[in-house]
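J.: fold the following for me, if possible:
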Amino acid sequence: MVVTGRGQLIELAKRTTCCEMCEAGRPDTSCYGIRVHAGRYTDAYLQRADVQRGYTVIIWRGRHVNEPTELDDAEASGYWAEVLTVARALIDVYKPLKMNYETLGNSLPHLHTHLIPRFTDDPRPGQPFPLSAQQPDAKVPETQLSADARALRELLDHARSPSGL
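T.: Numbers count the residues shown, from 1 in each chain. This is a model prediction of the structure:
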């Protein structure tokens, strides 16, 4: 573990034994988002926070791990394959210029990847997206969030079906 500030090492150690992502289970909805993908290895949640259109978090759903290097080869292949499947659906729905993939875990040490579609009108074109540890107060309107989640689920369900292979 990396010490990021006074007391951070102790706090990170506590979180690995009491992990918010592990304890949450696999809900269809949460205060953070709506699940658009329930895979063997991951769940993907389209985020409620109005950070960026299509902002989605993919969460590892096996045993608790902090880093992708803690996965065996089969788990790692499954994790990254599901991340790419969700990314492709986001690209189909939102038509971004670029997709950013961020696997951080600095403030919540559980393996998860942020997918951030990039557009011409985003806040920092040509630079990393300015994610904040604080959730913004602004939320995606529920009707828009639900419609986008439905569209993503349809694509992802089709990708999983035998005819979608």
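J.: could you pull out the helices in the protein for me?
T.: 8-17, 20-23, 73-94, 142-160 (DSSP state H).
J.: ranking these by mean neighbour count, which comes first?
T.: helix 73-94 (a mean of 18; mean count of other C-beta atoms under 10 Å). Using the backbone N, CA and C atoms, a C-beta is placed for each residue, glycine as well.
J.: show me where pLDDT drops low in the chain?
T.: 1-17, 133-134, 161-165 (pLDDT under 70).
J.: the same query, at a cut-off of 80, please.
T.: Within the chain, the stretches with pLDDT under 80 are 1-18, 127, 131-136, 159-165.
J.: contacts only, for the most centrally placed residue in it.
T.: Taking C-alpha atoms, centre = their mean, the centroid of the chain lies closest to Val57, which sits 1.2 Å from it. Neighbour list for Val57: Tyr32, Gly33, Ala44, Tyr45, Gln47, His112, Thr113, His114, Leu115 [criterion: C-beta atoms under 8 Å, 6 or more residues apart in numbering].
J.: and if you look at Leu90?
T.: Gly54, Thr56, Pro96, Met99, Leu115, Pro117, Leu152.
J.: how near is it to Ile59?
T.: Distance of Leu90 to Ile59, computed by C-beta to C-beta, to the nearest Å: 15 Å.
J.: same thing with Pro128?
T.: 21 Å.
J.: same question, Val93
T.: 20 Å.
J.: before we move on, the earlier item: what about the contacts of Leu90, which one has the most neighbours?
T.: Thr56 (28 neighbours; other C-beta atoms under 10 Å).
J.: which residues does it bridge with?
T.: According to DSSP bridges, the residues that bridge with Thr56 are Leu46, Leu115.
J.: now do the contacts for the nearest residue to Val140 once chain neighbours are set aside.
T.: Excluding the flanking residues, the one nearest Val140 by C-beta to C-beta, 6 or more residues apart in numbering is Asp50, at 5.2 Å. Going by C-beta under 8 Å, 6+ apart, Asp50 touches Pro136, Ala138, Lys139, Val140.
J.: how about stretch 122-137: buried residues?
T.: Asp122, Phe129 (16 or more other C-beta atoms under 10 Å).
J.: what about it, how long is it end to end?
T.: Start-to-end span of stretch 122-137 (C-alpha to C-alpha, to the nearest Å) is 18 Å.
J.: from the chain's centre, how far out does it sit?
T.: 15 Å (C-alpha atoms, centre = their mean, to the nearest Å).
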